[in-house]
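Undergrad: give me a model of this one.
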Amino acid sequence: MAEDFQIVRAGDAALIVKFPERIDPIINARAVALAGRLRDVAQPGIRDVVSAFRSVAVYFDPLQTDHDRLLDQLRQFASVRDGDSSPPNDPIQVPVKYGGLLGPDLGDVARFASTSEDEVVRLHTAATYRVFMLGFVPGFAYMGTVDPRIAAPRRQIPRVSVPPGAVGIAGGQTGIYPIETPGGWQLIGRTTTKPFNLARPDPCLFKPGDTVRFIAVDDLP
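TA: You can find the predicted model right below:
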């Protein structure tokens, strides 16, 4: 079977495995599984393994890592097409207060969808979202896939400051801002769930491959 991936160099201390260029749960599962297999092997000199939507970056010490062995492992592991075979975890539930001052763009998303704000909330909470990758700021999880009826694009003018806990939509993606930061996503609600917390043994609440459900609440604790 022909390979459907590429392995490219990124300088002298990193290799990137690239799967077909699309946002797809099956492709993402293969990337997550590849990253997991590489971490399990723990070849000497590997500094970090980072999975994204459809790729995996491997950072290594060129003075300690057997480059040819690493390439062989990448080809072997990337050829596996069964994705992440581990049993799925229960969805992480995230309580959200939608609309009002906490979700200032809910009305704009409703107008985009030609529907009511209540229907936007219903559609946003109806889906189980996959965490495709982490990025942007520590703990920010890119989740999908948003129902196309409410998949409003990013704001034309980003906000200078978005508060932590803000829940947003950007096209087919949704996510939670872990810290105060500039941002251009459509803000539809707020949560007290902390995606990133240094007080936890593992600061990042979400991991690639996790599933998430948003739960509408009347008030936040």
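Undergrad: find the nearest non-adjacent residue to residue 58, please.
TA: residue 15 (5.0 Å; C-beta to C-beta, 6 or more residues apart in numbering). Heads up, the C-betas are built off the backbone N, CA and C, glycines and all.
Undergrad: partner strands of the strand or helix carrying the one you found, with direction?
TA: Per DSSP states H and E: residue 15 is located in strand 14-18. Applying DSSP bridges to the sheet, strand 14-18 is found paired with strand 6-9 (antiparallel), strand 55-60 (antiparallel).
Undergrad: that strand: what's the following helix or strand?
TA: As assigned by DSSP H and E, the chain's next helix or strand after strand 14-18 is helix 25-41.
Undergrad: and residue 69, which of the strands paired with strand 14-18 is closest to it?
TA: In terms of C-beta to C-beta, the element of the strands paired with strand 14-18 nearest to residue 69 is strand 55-60, at 10.9 Å.
Undergrad: between helix 25-41 and that closest one, find me the angle.
TA: 20 degrees (axes from the mean of the first three to the mean of the last three C-alpha atoms, to 10 degrees).
Undergrad: tell me the gap between strand 55-60 and the middle of its chain.
TA: Its chain's average C-alpha position is 17 Å from that of strand 55-60, according to C-alpha atoms, centre = their mean, to the nearest Å.
Undergrad: ok, stretch 62-81 next?
TA: For stretch 62-81 - counting by C-alpha atoms, centre = their mean - the centre lies 25 Å from the chain centre.
Undergrad: ok, now how distant is residue 49 from residue 37?
TA: 9 Å (C-beta to C-beta, to the nearest Å).
Undergrad: what's the nearest residue to the most far-flung residue of the chain relative to its centre if we skip its chain neighbours?
TA: Farthest-out residue of the chain from its mean C-alpha position, per C-alpha atoms, centre = their mean: residue 63, at 32.3 Å. Using C-beta to C-beta, 6+ apart and skipping the chain neighbours, the partner closest in space to residue 63 is residue 45 (7.4 Å).
Undergrad: distance of the one you found from residue 61?
TA: Separation of residue 45 from residue 61 (C-beta to C-beta): 4 Å.
Undergrad: name the residues of stretch 106-125 that are buried.
TA: Within stretch 106-125, the residues scored as buried using 16 or more other C-beta atoms under 10 Å are 106, 108-110, 112-113, 117, 120-121, 123-124.
Undergrad: could I get those residues as TSV with secondary structure?
TA: Below are the buried residues of stretch 106-125 laid out as TSV (DSSP: H, G, I helix; E, B strand; the rest coil):
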residue	secondary structure
106	helix
108	helix
109	helix
110	helix
112	helix
113	helix
117	helix
120	helix
121	helix
123	helix
124	helix
